[in-house]
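Novice: turn this into a model:
(2 chains)
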Amino acid sequence: NAGVTQTPKFRILKIGQSMTLQCTQDMNHNYMYWYRQDPGMGLKLIYYSVGAGITDKGEVPNGYNVSRSTTEDFPLRLELAAPSQTSVYFCASSYSGITGNPYNEQFFGPGTRLTVL
Amino acid sequence: DAKTTQPPSMDCAEGRAANLPCNHSTISGNEYVYWYRQIHSQGPQYIIHGLKNNETNEMASLIITEDRKSSTLILPHATLRDTAVYYCIVRDWGRGSTLGRLYFGRGTQLTVWP
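Specialist: Now for the predicted structure:
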């Protein structure tokens, strides 16, 4: 299994440009998440999804959009890039059954380092 | 979710035990304690979790005090590759809980020196 893969690894955007960060997992996990991490800080949740067709906002959703058309893919869209979105973006996935998942082990991708100039 | 307090940094000699403390004085009865770590520039990695009993796996041990207001992650024989930021997180996993969300603070930067 490849686990969680993210593309691209690095990207530089100009202010106002748009882009999509790709995330794919091959573990058949139902939950997927997008986090951002600013320098020297912990991770903050942007959006999450509990299954195909279902998404919801996390702590810092402004300026981003997501979709979940399949179990495997959870792309993150930036419509109008701003310098404040310069960050490292991590995608993660986990499995939770009907009764919940006490292990809640989230598997993280390698991250996408985004710079907006 | 309960907040946690961790020291910003610690160091440890290679081969010695690394003991990382975490305070979670507002933890509620159905909240678990989770530990993740993040090696520089990589995604976080799950280490261990527990509710009230001490836990051990191939990576570490987790000691939770009887009142559950604090815990300690123990790396029994630290190596240079254990240098990372360690995050202590508490959350409720049960039915109706907030869907697996983890709240990461700033964690503890552990530096293992030769």
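Novice: in the chain, which ranges drop under the pLDDT threshold?
Specialist: Since no chain was named, I'll use chain A. For chain A, the stretches flagged by pLDDT under 70 are A:97-104.
Novice: sorry, should have said chain B
Specialist: For chain B, the stretches flagged by pLDDT under 70 are B:1-2, B:92-101.
Novice: find the helix or strand that residue A:29 is a member of.
Specialist: Under the criterion DSSP states H and E, no helix or strand holds residue A:29.
Novice: which residues does residue 108 bridge with?
Specialist: Assuming you mean chain A. Residue A:108 has these beta-bridge partners by DSSP bridges: residue A:92.
Novice: meant chain B, my bad for not saying
Specialist: residue B:86.
Novice: burial of the residue in chain A positioned nearest to chain B, as a residue count?
Specialist: Chain B sits closest to residue A:108 of chain A, with a gap of 2.9 Å, by Cβ to the nearest Cβ. C-beta coordinates here come from the backbone N, C-alpha and C atoms, glycine included. Per other Cβ atoms under 10 Å in any protein chain shown, the neighbour tally for residue A:108 reads 23.
Novice: show me the contacts for it.
Specialist: Residues counted as contacts of residue A:108 (Cβ atoms under 8 Å, 6 or more residues apart in numbering or on different chains) are A:4, A:90-92, B:42-45.
Novice: packing partners of the helix or strand containing residue B:11?
Specialist: Taking DSSP H and E as the criterion, the element that holds residue B:11 is strand B:9-13. Packing contacts for strand B:9-13, counted by 3 or more Cβ pairs under 8 Å, 6 or more residues apart in numbering or on different chains; DSSP states H and E, involve strand B:18-23, strand B:108-113.
Novice: kindly compare burial across those and name the winner.
Specialist: strand B:18-23 (a mean of 20; mean count of other Cβ atoms under 10 Å in any protein chain shown).
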